[in-house]
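Okay, structure incoming, though there's no sequence with it:
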């Protein structure tokens, strides 16, 4: 038994309506995790810059 064309198109459209929002949400979650990791890296590199400048200041004084 084959479905009429319009019925199969409606069924596939419904499947896409169920799947696509979940995929978009997963992508959005992944992007927000990536952004927070990037922020942590920026913070860490800023701390290291501070440590390096303190060390170089100490060497300059010595």
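Sure thing, it's come through. Predicted model only: the values in this text are computed from it and were never measured.

When you work out contacts or count neighbours from here on, use the C-alpha atoms and nothing else.
Will do.

in the protein, what spans have low per-residue confidence?
Along the chain, the parts satisfying pLDDT under 70 run over 1-7, 62.

residue boundaries of the helices in it?
5-61 (DSSP state H).

okay, which residue is most central for it?
For the chain, the residue sitting closest to the mean C-alpha position, by Cα atoms, centre = their mean, is residue 31 at 1.6 Å.

how near is it to residue 42?
16 Å (Cα to Cα, to the nearest Å).

and if you look at residue 18?
Taking Cα to Cα, one finds residue 18 at 37 Å from residue 42.

try residue 15
41 Å.

Now stretch 45-53: buried residues?
Using 16 or more other Cα atoms under 10 Å as the test for burial, stretch 45-53 gives no buried residues.

how distant is that stretch from the center of its chain?
Its chain's average C-alpha position is 26 Å from that of stretch 45-53, according to Cα atoms, centre = their mean, to the nearest Å.
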